[in-house]
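J.: could you work out the structure for the sequence below:
(chains A and B)
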There are 2 protein chains.
Amino acid sequence: MPKLWNATIDAHRNAVREAVLDSTARLVADQGVASVTMSRIAEAAGIGRATLYKYFPDVESILRAWHERQVGAHLHQLAQVRSRYAEQPYQALSAVLDAYAHICRAQHGGGPMAASLHQGEHLAHAHAHLRELVAGLVGDAAAAGDVRGDVPAAELAAFCLNALQAAAGLASKAGVGRLVTVTLAGLRPPAA
Amino acid sequence: MPKLWNATIDAHRNAVREAVLDSTARLVADQGVASVTMSRIAEAAGIGRATLYKYFPDVESILRAWHERQVGAHLHQLAQVRSRYAEQPYQALSAVLDAYAHICRAQHGGGPMAASLHQGEHLAHAHAHLRELVAGLVGDAAAAGDVRGDVPAAELAAFCLNALQAAAGLASKAGVGRLVTVTLAGLRPPAA
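T.: All right, here's what the predicted structure looks like:
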């Protein structure tokens, strides 16, 4: 087959896949994960049930693919936030931590589905990537004297990412701002 | 039946129950959770399989009971640490956070069993209890001027408990000390 034809098929397959993930996310948000079935997903995505099974074997694999897409989008968002502050590592760090805290707050937070999704290998990779991104910024900010140098950057990055997960339990956006402030205060060089 | 007899039966039942939990913990530590069966637990505890089934319906319920006992012991330990520093809220807070970080580091950390145990309702209660204990100390230390007063005590408690969970990924005890230092630095009143 000519290349153009293959490209068209690929684009079509991607479009169907994205539509399935979007529809599934909407169904889960509207009705909860327990009521989501392959038939309902197919109907919501406007495709036949048999077609859906050509893309995904079961609901769980769709949820996993959706979660992977979410996590990838969040990493992309954080990398973009960082890129806005070239040569300003502390500002970049503050902005990335603030964005991450808001992502944590927006998480549905909990339930057996969340626990099962969070076991995924894709998430281990994403977390490693995130720790690397934050540790890099912490290291640069420490070199500039804006972050304490008495604790390894990787440990400070793990501290930040764990601390900001407290955002998941916060009722207000103002609380997220306070949490970021407190976390950043932990990073500051100790008074001489 | 006379009371003494009942008390003897209760004591015996408790002793068997404790022995089952101890044996299960040892089996899990030695061989991993996947290889633990009711027969092996009964053998290790020195009781018959039929007797074991009079106490617990399945392996999962034993693991849950064991986890509940662990969590209860940790809460008791933290309450004892606090009681060593009456009238010294900041010292009590530091000591409790340090003890909690060491508990977090000692956790096996992860796997499907951990995820399933962490869903339990008993853990939600224990966490609420822990947040209350730490929030109380934070509030007292803030009243004494040793902790920042610009963030609600409950939010600072959530910050601490989340941040210290980073201890689970730390290779060294020295790292735990650094993590506690950084977390406490976040709590300090901001420089005027």
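J.: could you point out the helix or strand that follows the helix or strand bottoming out on mean pLDDT in chain A?
T.: Taking mean pLDDT, DSSP states H and E as the measure, chain A has helix A:111-117 as its least confident helix or strand, at a mean of 57. Per DSSP states H and E, the first helix or strand lying C-terminal to helix A:111-117 is helix A:121-143.
J.: residues in chain A within reach of chain B, list them.
T.: Residues of chain A lying close to chain B (Cβ under 8 Å from any Cβ of the partner chain) are A:112, A:115-116, A:118-119, A:148, A:150-151, A:155-156, A:158-159, A:161-166, A:169-170, A:175, A:178-179, A:181-183, A:185-188, A:190-191. From N, CA and C alone the C-beta is placed, and that goes for glycine too.
J.: quick one: buried ones out of the residues you listed?
T.: Buried subset of the residues of chain A next to chain B (neighbour count, 16 or more other Cβ atoms under 10 Å in any protein chain shown): A:116, A:148, A:151, A:155-156, A:158-159, A:161-166, A:169-170, A:175, A:178-179, A:181-183, A:185-188.
J.: count of neighbours near residue A:60?
T.: Neighbours of residue A:60 under the rule other Cβ atoms under 10 Å in any protein chain shown: 13.
J.: which non-adjacent residue is nearest the residue of chain A found nearest chain B?
T.: Nearest residue of chain A to chain B: residue A:186, at 3.3 Å (Cβ to the nearest Cβ). In space, and not counting its chain neighbours, residue A:186 is closest to residue B:186: 3.3 Å by Cβ to Cβ, 6 or more residues apart in numbering or on different chains.
J.: wait, doesn't that neighbour sit right on residue A:179?
T.: No - in this structure, residue B:186 is not within contact of residue A:179 by Cβ atoms under 8 Å, at 9.5 Å.
J.: hey, what's in contact with both of those two?
T.: A:163, B:159 (Cβ atoms under 8 Å, 6 or more residues apart in numbering or on different chains).
J.: any low-confidence regions in chain A?
T.: Scanning chain A for pLDDT under 70 picks out A:1-2, A:108-119, A:192.
J.: according to the record, where do the domains of it fall?
T.: A:1-57, A:59-192 (automatic domain parsing).
J.: and the residue nearest to residue A:36 when sequence neighbours are not counted, how many residues sit next to it?
T.: Leaving aside its sequence neighbours, residue A:36 sits nearest to residue A:27 (Cβ to Cβ, 6+ apart; 5.0 Å). Using other Cβ under 10 Å, residue A:27 has 21 neighbouring residues.
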